[in-house]
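A.B. asks: pasting the sequence and the predicted model now:
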Amino acid sequence: MKTYLFALALIGTLPLTAQDHSHTGAKPFNYPNIEGYQTLKTDLHIHTVFSDGKVWPNIRVQEALRENLDAISLTEHLEYQPHLSDIPHPDRNRSFDIAMQEAKDHDLLIIHGSEITRSAPIGHNNAVFIKDANKLRAKDGLTPFNEAKKQGAFVFWNHPAWYAQNPDGNPVLSDFQKERIQNGELHGIEVINSVDYAEESLTLALEQNLTIMGTSDIHELIDWDYTEKGKQRPITLVFAKERSIKSMQEALFAGRTVAVYNDLLVGKAEFLNPLIKASIEVKSATYINNTQILEVELENVSSSPLLFQNEMDYSFYSSSPVFEIPPVGKYTLRIKTLEEKESIDLKLKAIGTFTAPKVSPVIEWNISVEK
């Protein structure tokens, strides 16, 4: 047993042979704060060997620290323990306890959580900010939700479009979910789970006023599933009044989130729009000598590549009306203003970001021209 656990603990740190995996190194997440709130980078759907994951809980903590996350939750299945013959532990809080021990000397929030795993119509749901996972275990379908509510948990519906439960890939809002929402026992929904973005889930989020979530649902190593493929894990940006578990919990109940997966950003306009605006900083704006062509240098301070389309009356010089600013990178626009201006309103549609299915916001920046 000791040898097995020691090997698991080293998986994320020992080099592998080139024929197995080629590590490119995790990139830290960076997203700006928006007015009035701190932007917390979170992944609240993660598994370890204490359910059907492949790594020890301390590896999940180390991965999160490498990626500059602010908070994670190890949401082990309550009803499903495929490693039980090797790791026979009756306490369903054990994964959380190990993660807390690993994170005690680091600046990472560990959120206590568990996954309620049932067949349809109940489906899979994560309860986070719980106090005791053992009390959520029950044979009937209602007790876990009732108990989660007693513990003050935030509960969200996992991968509702998952083809294993819905072969057509579309979520089904059953009477069970409707009752949970009405009773204050279901508060959010995954719009992005792993590599899947479900527009239908976003529709449900907006119709039912559910908090928009994005999660990795990771079982293997983050390196293997994302980093080596040039991707970053899906996360939920939570806009909290301060960097604390209590404030983060309040923000999730209030629905202040944006789901992110690389260049895909999904959220309500009141949060997504200011996030995009804050992600682009205007570094300079000057006219090219003896011309009416305004040169504007833009910097993307976020970890997402941002794709824009020109929505101004003015056109661009030597540039397509559609352009991308790389993550933590710069781009220079040349705008034909026809006459010299003291200021200009830059209007761009943020393609690949959504406030509703197939609806991308138009963001404006007021730019003062340098003399």
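C.D. replies: That came through fine.

A.B. asks: just the pLDDT at the closest residue to S343 other than its chain neighbours, thanks.
C.D. replies: With sequence-adjacent residues excluded and distances taken as C-beta to C-beta, 6 or more residues apart in numbering, S343 is closest to S368, at 5.0 Å. C-betas here are computed from N, CA, C, even on glycine. pLDDT recorded at S368 is 97.

A.B. asks: who are the contact partners of S368?
C.D. replies: Counting by C-beta atoms under 8 Å, 6 or more residues apart in numbering, S368 touches A285, E342, S343.

A.B. asks: any idea what the residue nearest to the spatial centre of the chain is bridged to?
C.D. replies: When the chain is reduced to its mean C-alpha position, the closest residue under C-alpha atoms, centre = their mean turns out to be I235, at 1.7 Å. Under DSSP bridges, the beta-bridge partners of I235 are V260.

A.B. asks: so how far is T39 from the nearest residue to P326 once chain neighbours are set aside?
C.D. replies: Once flanking residues are discounted, P326 sits nearest to P305: 5.3 Å by C-beta to C-beta, 6+ apart. Look at P305 and T39: by C-beta to C-beta, to the nearest Å, they are 18 Å apart.

A.B. asks: the more surrounded of these two?
C.D. replies: Neighbour count, other C-beta atoms under 10 Å: between P305 and T39, T39 has more, with 22 against 15.

A.B. asks: sketch out the low-pLDDT regions of the stretch 251-371 of the chain for me.
C.D. replies: Judged against pLDDT under 70, the stretch 251-371 of the chain has no low-scoring part.

A.B. asks: let me see the ranges of the strands in it.
C.D. replies: 257-261, 264-267, 280-287, 293-300, 306-310, 315-316, 322-325, 329-336, 343-351, 353-354, 362-368 (DSSP state E, counting those that start in this stretch).

A.B. asks: format those as TSV; extra columns: distance to A26.
C.D. replies: Below are these laid out as TSV (distance: least, C-beta to C-beta, whole Å):
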stretch	distance to A26
strand 257-261	16
strand 264-267	19
strand 280-287	25
strand 293-300	19
strand 306-310	21
strand 315-316	35
strand 322-325	22
strand 329-336	18
strand 343-351	26
strand 353-354	24
strand 362-368	29
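
A.B. asks: quick one, phi psi at Q208?
C.D. replies: phi -100, psi 0 (degrees, to the nearest 10).

A.B. asks: I'd assumed L173 was in contact with it.
C.D. replies: Yes - the pair formed by Q208 and L173 meets the contact definition of C-beta atoms under 8 Å, at 7.3 Å.

A.B. asks: residues contacting the residue nearest to P326?
C.D. replies: N262, D263, E324, I325, P326, P327.

A.B. asks: again, 7 Å this time
C.D. replies: With contact taken as C-beta atoms under 7 Å, 6 or more residues apart in numbering, P305 is in contact with D263, E324, P326, P327.

A.B. asks: now the buried members of those residues.
C.D. replies: E324, P327 (16 or more other C-beta atoms under 10 Å).

A.B. asks: for the contacts of P305, which one is nearest E185?
C.D. replies: D263 (34.2 Å; C-beta to C-beta).

A.B. asks: so how far is F239 from the nearest residue to that closest one once chain neighbours are set aside?
C.D. replies: Of all residues not flanking D263 in the chain, P305 sits nearest, at 4.7 Å (C-beta to C-beta, 6+ apart). Going from P305 to F239 by C-beta to C-beta gives 22 Å.

A.B. asks: many thanks, we can stop here.
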